[in-house]
Structures are given as C-alpha cells and as structure tokens.
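J.: When you get a sec, could you give me coordinates for this:
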Amino acid sequence: MLSTTEAQFNTPSTSSIPVTSMSGSRRRSSSSSAGSVSSPCAVCSDPAEGMHFGAHACAACGAFFRRSIAEQKVYTCAVKNCPVQGGINKASKRSTICRYCRFEKCLNAGMSPQEVQVKRLRQLEETSPVDSHSFFSTPLSSSTPTLEHIVQIRRDLADQRQLFQLQNENQCEGAEALLECLRVEWETFRELVLNQGIFRQFVDPRRYFHIKMELDSSPEFAEDITLSRGIFLASEVMDWALLTAKQGGVQKDSCFFPDGSSTEISAAGLTSFFAKDSEIKDPQCMARLCQPMFAQLVRTCARSLQAAHIDELETAFLYGTLLIQISGILSTPTQHPLQNALFEELRSHYESSGSELSVKMGNIILLNSPLIQTALEFREFISVLEIEKRIDLGLSF
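T.: Residues are numbered from 1 along each chain as shown. Okay, here's the model as predicted:
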C-alpha cells in the first residue's frame, strides 16, 4: 500500500489503487496533518515527533538539546531574543538559528538537562524522577543512616526554598534581591542544619542565646561566628552550582540563584546585575572583583557536577565532606567522626550497587576541591558587598 508521500510523487492511475487503500491513505494523511497542527514542536513550531526530555518537540530540537547537555556546549547571544522558527529540520536553515536562543526556548518549553542524563544512565540503573535536591533520586537504605539524614536535611532545605519562591513578592532586582535571598537562606540553614541533627557538632548555637557582652568580644566567639558564616556560604556555593547545572546555566554561561533569578557571568552581565542596586556606586568595579568567583562557580563547579551524574546519596556525601573540610580550614582542624561515617556509608552504598568503588569515590572527592576554593572566594565577595552597601547581612546567631 502506498503512503501519502509515495502517492503524491508516483501519481499512478486511480484504477490501479483499491478504493479502501485510497480512503485509508486519505484518513492517515488527514490524521497526520491534524496531528502536525495540534502538536507543533514547542521550540521551533515544526511538527513534533513526541516527547523529548520533557517537552513536545521535533527530533532536531531534541537532538540539539541532547548534544548541548552531553557535550556541555556554551552559547552566547547579544540580542537574546532571536526568532526560533520552523524549518530547523532543513540542513540549509539549521546553521542560521541562534543556538543560545534555541537552547533558551528548549528550557522554557520544559526540556530538562537531568532527563538527558537519566536517559544515558537508564541502562545501568533504574532511577526515580529527578527532584530539586540532586541530579538523581536514590532509594535510601538502612545501611546508610548518616547519609540518609543529610539527604532528608537537603530535601527539607529544598522544600523551604520552593515555599519562599512561591511566597516571595520582593520586587528588588540584582544584588539587593540576592542579599535578601541570602538572609532568608541563612534563617532556613540555621534552623534545619546548624540547630539540629548531625551538623550541630560544628557550632553549638545554644550558647549564643545568652546575651553576654564580654563573650561577644572574645576570640572564641569571633571564631565560631566566622565558622558558622563560612559553613553557610559553602553550603550556598554547592547549591548554586547544582541549581546552575540543572537549569542549563553551564550552556548559557549564567549563574542561577535560589530565588529563581540568574545573571550572566560576563563582565557586561555582572555589571548590569550590580547596576540594578542604586547603593552600589561602581557596578563595573564590583563586576570585575567578583567575576573570577562566578566563573569558577559556573565553569568549573557547575560543569563538573553536571558531568558527574551524582545521585542523592553521593550529593549528601559531597555536602557533608564539604562542610567538614570548610570547618577544618576556618577553625582548629580536628578529626570529625562524621567524616569516617560518611566514607564508610558511601563505600557500603557502592558495594551494594555493584559500582566501581575506587573510581566513583575518587571522582566524588575530586569535586570538593573547586567547591572549597569557590566557597573561600565567595566569603570575600560577600564581605566586599557588605562594605560597599554599608550593611551587615547578620549571618550569625
């Protein structure tokens, strides 16, 4: 039986084609045409060919999005509003489409970078839908109680963050909105991380509720304030890197923040970001000072996390070891029992899943170094921002 396309170009006589075939061909042609009209590609408006990474799209846009994530390509655009229209499937049109704007439309249509990774790893292990806490959700095991506890803490943090985004009516932009976001993040972090659970051993906040002026000026108090602040900012750096990786920031050369906003990390992008705050007198200078930190966060930390495909337990391990190492840098180094527990439980997790222990654990540990370096630079950036705006963020108990 000839298809509609074959009938169009071969044009045999009507007597040679059974009536049922002709009517069936017409029905299929009509159905195909209706499907094309009712289900266009959410990116370029060409006929969609099913779901691709979470969005109705054509095969060309699906392949473009997959390559962008898998190969960690980086796109730029001066306009950021280029037309992305039909004809992308044609080779002659494909090279003329702005890749930045096409990738942006893929994200806006609902394509998820995590889905690219899930598809690549599906033959290795069954994964549940990706949430906001790590790249992959992992069934928790009774053999990993410490990691489970950190996983739950991070889930609670993410839930509070989503609630803040829904309730946030702040009309501020740029650095002012970022600082307000950090204040809210600090309150949540203090309540869910430092005030309870396994991280209480880093800083015991209960003694700060006793107002003692002589204690406020003691070296021990100052050290603990520095420690709690440093641990929080390290936590933020890791979460910013994870958010950036998941939201396509690696490809867009942009940093994403917990309140849902973002900024390009180019000199012009950061200058525009700081210029939105009237209290910052020299946005260009601020951009120049902080650009290395943002570049490290996006181009090294987020890129490495996007390529690592870490699950929830691995994210919990990375988070715990990051806070332990930061606490050792900012205070008297000690051997934390928590660190031994984390390594032992991750080993147990890998052995039970049949993973290559030494390779996977080594790769996870290597992710810590750029995160630590960025966290230390982030502390300096926040201090400069406080001086510039003549404020104190109040990141202390």
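J.: Quick check: next helix or strand after the biggest helix by length in the chain?
T.: Longest helix of the chain, by residue count under DSSP state H: helix 219-246. Sequence order places helix 249-252 as the next helix or strand after helix 219-246, per DSSP states H and E.
J.: per-residue confidence averaged over stretch 50-60?
T.: The average pLDDT within stretch 50-60 is 88.
J.: One more: stretch 251-260?
T.: 91.
J.: In it, which residues are buried?
T.: Neighbour counts over stretch 251-260 (16 or more other CB atoms under 10 Å) mark Gln251, Lys252, Asp253, Ser254, Cys255, Phe256, Phe257, Pro258, Asp259 as buried. (C-beta placed from N, C-alpha, C; glycine too.)
J.: residues making contact with that stretch?
T.: Outside of stretch 251-260, the residues within contact range by CB atoms under 8 Å, 6 or more residues apart in numbering are 68-69, 72-76, 100, 103-104, 161, 164-165, 168, 170, 177-178, 180-181, 185, 236, 239-240, 243-244, 247, 249, 262-266, 269, 294, 297-299, 302.
J.: which of those count as buried?
T.: Buried among the contacts of stretch 251-260 (16+ other CB under 10 Å): 68-69, 72, 75, 100, 103-104, 161, 164, 177-178, 181, 185, 236, 239-240, 243-244, 247, 249, 262-266, 269, 294, 297-299, 302.
J.: Just the ones of those residues in strands?
T.: When DSSP state E is applied, these are split such that Ser262, Thr263, Glu264 fall in strands.
J.: Next up, the contacts around the residue nearest to Gly174 when sequence neighbours are not counted.
T.: Counting by CB to CB, 6 or more residues apart in numbering, Gly174 lies nearest to Lys276, which is 3.0 Å off, once chain neighbours are set aside. Contacts here follow CB under 8 Å, 6+ apart; on that basis Lys276 touches Glu173, Gly174, Ala175, Glu176.
J.: cool, Pro145 as well?
T.: Neighbouring residues of Pro145 by CB under 8 Å, 6+ apart: Glu345.
J.: Please report how far it lies from Ile198.
T.: Going from Pro145 to Ile198 by CB to CB, to the nearest Å gives 10 Å.
J.: What of Cys82?
T.: 49 Å.
J.: again, but for Ala42
T.: Using CB to CB, Ala42 is found at 44 Å from Ile198.
J.: Same question for Cys44.
T.: For Cys44, the distance to Ile198 - CB to CB - is 49 Å.
J.: what do you get for Ser348?
T.: With CB to CB as the criterion, Ser348 and Ile198 are 17 Å apart.
J.: what do you get for Glu344?
T.: Relative to Ile198, and taking CB to CB, Glu344 is found at 14 Å.
J.: OK, contacts around Pro283?
T.: With contacts defined as CB under 8 Å, 6+ apart, Pro283 is in contact with Thr271, Ser272, Phe273, Phe274, Ala275, Asp277.
J.: can I assume the fourth one is in contact with Leu289?
T.: No. Under the criterion of CB atoms under 8 Å, Phe274 is not in contact with Leu289, lying 9.8 Å apart.
J.: Compare these two (neighbour count), which wins?
T.: Set side by side, Phe274 and Leu289 show more neighbours around Phe274, with 25 against 17, by other CB atoms under 10 Å.
J.: leaving aside the residues next to it on the chain, what's closest to the more buried one?
T.: Pro283 (3.7 Å).
J.: Ramachandran angles for the one you found?
T.: Per-residue torsions, Pro283: phi -60, psi -30 (degrees, to the nearest 10).
J.: I figured Gln373 was touching Gln296, is that so?
T.: Yes. If you go by CB under 8 Å, Gln373 and Gln296 touch, sitting 6.6 Å apart.
J.: quick one: the residue nearest to Phe274 from Asp259, how far?
T.: 20 Å.
J.: do Pro292 as well
T.: Distance from Pro292 to Asp259, by CB to CB: 23 Å.
J.: swap in Arg303?
T.: From Arg303 across to Asp259, the span is 23 Å (CB to CB).
J.: the helices in the stretch 101-250 of the chain, which residues?
T.: Here the stretch 101-250 of the chain has its helices, by DSSP state H, counting those that start in this stretch, at 113-121, 145-167, 174-189, 213-216, 219-246, 249-252.
J.: and of those, who's closest to Phe378?
T.: Between Phe378 and those, the tightest spacing by CB to CB is seen for helix 219-246, at 5.2 Å.
J.: What residues sit buried inside that closest one?
T.: Buried, per 16+ other CB under 10 Å, within helix 219-246: 221, 224-225, 227-246.
J.: Which elements pack onto it?
T.: If you count contacts as 3 or more CB pairs under 8 Å, 6 or more residues apart in numbering; DSSP states H and E, helix 219-246 packs onto helix 113-121, helix 174-189, strand 254-256, helix 303-308, helix 312-330, helix 368-389.
J.: export those to a markdown table and tack on distance to His149?
T.: What follows is the helices and strands packed on helix 219-246, written out as a markdown table (distance: least, CB to CB, whole Å):
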| stretch | distance to His149 |
| --- | --- |
| helix 113-121 | 24 |
| helix 174-189 | 16 |
| strand 254-256 | 27 |
| helix 303-308 | 22 |
| helix 312-330 | 8 |
| helix 368-389 | 20 |
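J.: Great, nothing more from me.
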